[in-house]
Each structure stands twice: as C-alpha cells, then as structure tokens.
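In: requesting a structural model of the entry that follows:
(chains A and B)
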Amino acid sequence: MNLNMSSGESIVAQIQGLSTSPRDISQLHAFLKQSDDLIRSDSTRFAPLLTLLDPSIHSLGFLYILDACTSGPTPKEQANEHVCTIARFVKACSTEQIRMAPEKFVSICKKLKDQVMFLAAPIRGIAPMLTAIRKLQSSTEHLTTLHPDFLLLCLSAKCYKNGLSILEDDIYEVDQPRDFLLYGYYGGMICIGLKRFRKAMELLHHVVTAPMSNMSAIAVEAYKKYILVSLIHLGQFNASVPKYASTVAQRNLKNFTQPYLELAVSYGTGKVAELEACIRQHRERFQNDNNFGLARQVVSSIYKRNIQRLTQTYLTLSLEGIANSVQLNSPREAEMHVLQMIQDGEIHATINQKDGMVRFLEDPEQYKSCAMIERIDSSIERMMTLSKKLTATDELMSCDPAYLSRVGKERAPRLDFDDYDPVPQKFSM
Amino acid sequence: MDYTALTEAMTSKSYDKVAEICNDLLLQGAAEGFAYNEDWPFAIHLLGLIYIDDINSARFVWKNVPRVVKENRPEVSAAWKIGQRLWTRDYAGVYEAIREFNGSPEAQAFVDSFSEVYTKRMFQLLLSAYSTISIQDTALFLGMNEEDATNYVLQHGWNVDPASAIFTVKKHAIITEQKLDPSKLQRLTEYVFHLEH
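Out: Numbering: from 1, shown residues only, chains lettered A, B, ... in the order given. This next block holds a predicted model:
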C-alpha cells in the first residue's frame, strides 16, 4: 500500500504539535503506537522527514521514525549515515520521552552497535552507548540490556578504561539474566585488561554462581578465566564450586575446564618447570580459548608467589638464596624481582647491596590513619545500604503468593493438625 | 575537532590532565565520525599517559596507531619507546629513551617535565627499597653520572663510604597530620543505630 505524502506530513505535524506538555505527549504516544505499522511499511518515505524534526524536542516521534528507518538490513553505503544519525539522536534526545518507548530505544542502540562493528570502528560507538545507558536506566543500580554491548565496544576498541565507569556501579536490578552473564564476563575481561584482578574475580564469580537451569557457555568461559585470575591474584585456587551456585554449574563446570584445573594443580607445587610443562602440554587449548596470554601471566606470577612464601620463613635472606630457592638465574635477577615487588606494594622488604641481603619487614600499616578510617567508613556504609536492601527484598518475598503457597505445602505433612497453619507469619524484626 | 582544551592544558603545563582530555576528545570525535587518523596527536596522547604512569593504557593507544604513522612520524615511536622501557621496567633504559627523544618544542617540554617527575619517583623507590646501594646503581637508577648522583643523594642526607663505593640510605620519617572531624561522631552514631536494629 503506497503512502501518499500528506499522510507522512500529517504524522510529522502531529509529532511537532504534540511534543510539548506531558499530557500531549501521552496522546502522541498512543497515536504513534497506532501508526507504527504505517510508518514501518514505508520507512524510506519517512527518512527525509526526519530533517523536519528536532531530536531534543520531538524525541518520541523521532525515535519511532528512526527505528522504522534503521530496522531491517542496512546497505553498506548507508552504514556510516545511520551511525551518525543515531549517535546524534542519542546525544540530543530527551530522557523522559525515550523512556516511554524503551524497546525502540534499545533497538536503535543495538543497531548502532552492529553498524560500528560492521565498519570496524567500535570506538565510534563508545560515547553514544554510554550516554544511552545513562538515559535509559532508571538508576545507576539498574542493569540494562545495553550494558554488555557497551562493554563489548570498549573491549573491541581496546578502550578498557572507559568501561570502568559502569563496572563500578552496584547492580540491584537486572532486565534479562543473559545480560547479567555477559556483563559479568565482558566486565571481567575489561578488568583483566586493566590488571584489576580483584574486581575481575568478583565479576567472573557472579557469572559462575548465577542462577541457571541449563549450563551456559558464558559461565564455562568465565570459569576458565576465573581459575587463571585466581592463580595470578591469590596464588591459589579453590577447586570446590560454591554451594550457592546452580546445581548444573556444580555438576558440570569441572568437565569443561579440565586443562585449567590441571594447571591450578601444577601451580600449587610451586615448581616453575612443572608449571611450564603443563602449559606446553595444553598450549593449543589455551590458545583456542584466547587464554594463552593470561596463562603466561600465571607463570610470571609464580615467581612472585614463591618469593612471598619466603617471607613466612625468613627474616633475612641472601639474594643468592632467593635466586636458588625461586629458580631464578642470578642474584641480580632476584634483586630486580624484589625491587619490582616493592614498587608494586606486593612485599615489604629492604635490599642491602653491601651484604647482598634482603630483609623482610612487617606491613607498616597500623590501620590508625585518617585515610584508613575513610576506607573503613565507606565500606561500612556500603554494607548498611546492602543490608537495608536485603531486608526490603526479604520482606517483599515473604508476601509473595507463590512463595507462600510453596512454603505452606511443604510445612503441612510434618506438623500435627493443631499446629497446621497454612499462612506463615510475616517476619517481625 | 576542537583542540582548545588540549592546547590550554599544554600551554599551562597541566600535563597530568592531558591524558583525560585526549581520551574525551577522542571518544567525542569518534562519535561524530572523526576516525583515528593521521591528524591525531599520538605523541602527546602517549606522553600524557606516560606522565600519569598509566603505561597499560599507553600500550593500547600504541596498538591503535596506524602503521603509516608509525613509519612516518618518528616522534610517535620515540614517545612510545619511553613507555616501552617503563613497561619492561628497564629503569636505566627509560633515561636513555628520554635522552634520545627529539620532537617538537612542546613535546620536548613535556618530556623534560616527565624526566624530572620520573627522577623523583625513582628516588622515592630507592628510599623505600634499599638500606645500602652502590654508587654505580644509584647513578643508573637516577639517570645521572656518578658525581651528580652523589651530590644529589648527599643533599638528601645519605652517607657515602668512598672505599666500598656504597651509599647508606637515610629514610625520612613521614609524618602526616591526623585530623578527625566531628562528622565522624555522627557516623559512628549511625552505625550503632544500624547494628541495634
């Protein structure tokens, strides 16, 4: 069915006329929902009409038309144009208006991501995607479906630091479980790239222990990286999967990650030669999984781990003694290793070149300074917020009918008739 | 591409802000279609990251430098050489790379400023890591000849034993002022309240 120009113009006129007060906008929204099929069926006619609209004032109308124009396959020549239009729209659009049609907003943002990846220029999508996330989310605690796309762009463009801003938010609300798994996995990779291993472990741990009914490939890959990062950061790996992980994870993770578990075992011996042999043996597997670089970092970390272990036995030790114990080639090499560890804050020691000795020291931190108080304070405040949220969620759940019926059924057979109370009492704190 | 913020930072020698400004400019520009092409001030970007000791990010910027720039703009490769030496912890090699650097006047001023910062950083490292250290190594770590190095450390209170050519390091007692402000009492009250309920 052909759309004549007057229909197109009348839709644009409606958008222009009804984009001011909130009541008008609701009316416009209803109108646009009705006209959606019309717009989609002849989107090429509508594309030039976008120039008549201002993305910051007519955001909702602009969004409907833009979504219609960009859905479906994009010809190569148009990719650049689409990227520019969507990026400009995201920057200019009004937050209240786009939140009325979140699925459409998500749709154009995903299109943006697809197009910049197609153009092999992921860096072009980073700034718009971050703006889009901040406009779409109801609060910083809300994980949108755009979060993992943003992280993927940062990874592809090697702009790791830019991904940190959303990784530092505490998440309490998730739109889709799969988004959360990808967010944790990509987030873990970004932290690994920035050498923030503690945060990487936290994110990867979330993926591995997330609720799931079927084994997720994302969780398997996350577990592989988790093992390696655990060795690099903690110098050890706890092979038992936490009890709060899903039953499928507990049963299946180990089957998919055998070479990594063997690596952890050989790391535990503290012998560099054994570790390197293990890596050589499984080299192809690590490379296929894109984990070979990380595996090499595991090897470097074993020298550090062995030196740190020496501090538990010795107060002072000669550089030669360190070199022999840790299998380094010379006292000078040992000295450089210790110096680097002191620089990175991984060891407390002083080197005495005159005698060729290293003296291991206690951690000088007294936990009495103002800076330390600030740190403890902020941790306590985070805990308090978390505790309040937990209480609120718990109260909500104890009123949930599904929960109540389940608990009621389970309790019934075990109690006497007199004790039978199908509705549990609400928690009183 | 509006380079005003960057030019201002360079002229006012706010070198520690350069990396962040470069990052923001790059992302904003990329969103508008300006690609990572030959016009981008790579050398300044790299030096900005080196200045704030973010060699990790400098590595990634270097990976994104187009090959044609690597081949035709020696200033960019020279800037990266400093970063590379820092990454591999070739402490003495960093000074070598600094000395070999030959670029535009503003890049040169940037490198000179970094050189001072780096020497101070290395001196702090020696202070915390060594109780005694040879004159030769001190000179290497501080990027000076042995005579200048000796004068530098003697000024900071170290002792020298000329016979064995060894310095004894003098550590400084670091006294930071500890001031507790009244809002802490308020917070403690909140914690107790929370624990009681």
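
In: residue B:138 and residue B:151, how far apart?
Out: 11 Å (C-beta to C-beta, to the nearest Å). All C-beta spots, glycine's among them, are computed from the backbone N, C-alpha and C.

In: residue A:45 now?
Out: 80 Å.

In: longest strand in chain B, please.
Out: strand B:130-134 (DSSP state E).

In: which positions in the helix or strand just after that strand come out as buried?
Out: Note on strand B:130-134: by DSSP states H and E, the next helix or strand toward the C-terminus is helix B:135-142. With burial defined by 16 or more other C-beta atoms under 10 Å in any protein chain shown, the residues of helix B:135-142 counted as buried are B:135, B:137-142.

In: can I get those residues in TSV with distance to residue A:112 and pLDDT?
Out: Converted to TSV, the buried residues of helix B:135-142 look like this (distance: C-beta to C-beta, whole Å; pLDDT from 0 to 100):
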residue	distance to residue A:112	pLDDT
B:135	60	92
B:137	54	93
B:138	55	93
B:139	55	94
B:140	52	93
B:141	49	94
B:142	51	93
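
In: sorry, back to before: between residue A:45 and residue B:151, tell me which one has more neighbours.
Out: residue A:45 (16 against 10; other C-beta atoms under 10 Å in any protein chain shown).

In: now that one: which helix or strand?
Out: helix A:43-46.

In: who in the stretch 151-300 of chain A is up against chain B?
Out: A:157-162, A:193-195 (C-beta under 8 Å from any C-beta of the partner chain).

In: which single one of the residues you listed is nearest to chain B?
Out: Nearest to chain B, judged by C-beta to the nearest C-beta, of these is residue A:158 at 4.2 Å.

In: tell me how far the closest one lies from residue B:118.
Out: 25 Å.

In: and those two? Which one has more around it.
Out: residue B:118 (22 against 16).

In: the more buried one belongs to a strand?
Out: No. Per DSSP: H, G, I helix; E, B strand; the rest coil, residue B:118 lies outside any strand segment and is helix.

In: list the contacts of residue A:331.
Out: Residues near residue A:331 by C-beta atoms under 8 Å, 6 or more residues apart in numbering or on different chains: A:318-320, A:322-323, A:356.

In: let's see 10 Å
Out: A:318-324, A:356 (C-beta atoms under 10 Å, 6 or more residues apart in numbering or on different chains).

In: number of residues surrounding residue 85?
Out: Picked chain A for this. Neighbours of residue A:85 using other C-beta under 10 Å come to 20.

In: hmm, no, I was thinking of chain B.
Out: Residues near residue B:85, counting by other C-beta under 10 Å: 20.

In: confirm it sits in a helix?
Out: Yes. With three-state DSSP as the criterion, residue B:85 is assigned to a helix.

In: ok, is the helix or strand of chain B with the lowest mean pLDDT in contact with chain A or not?
Out: When the helices and strands of chain B are compared on mean pLDDT, DSSP states H and E, helix B:183-196 comes out lowest with a mean of 82. Yes. Helix B:183-196 lies within reach of chain A by C-beta under 10 Å from any C-beta of the partner chain, at B:183-184, B:187-188, B:190-191, B:193-195.

In: helices or strands up against that helix?
Out: If contacts are counted by 3 or more C-beta pairs under 10 Å, 6 or more residues apart in numbering or on different chains; DSSP states H and E, helix B:183-196 sits against helix A:370-398.
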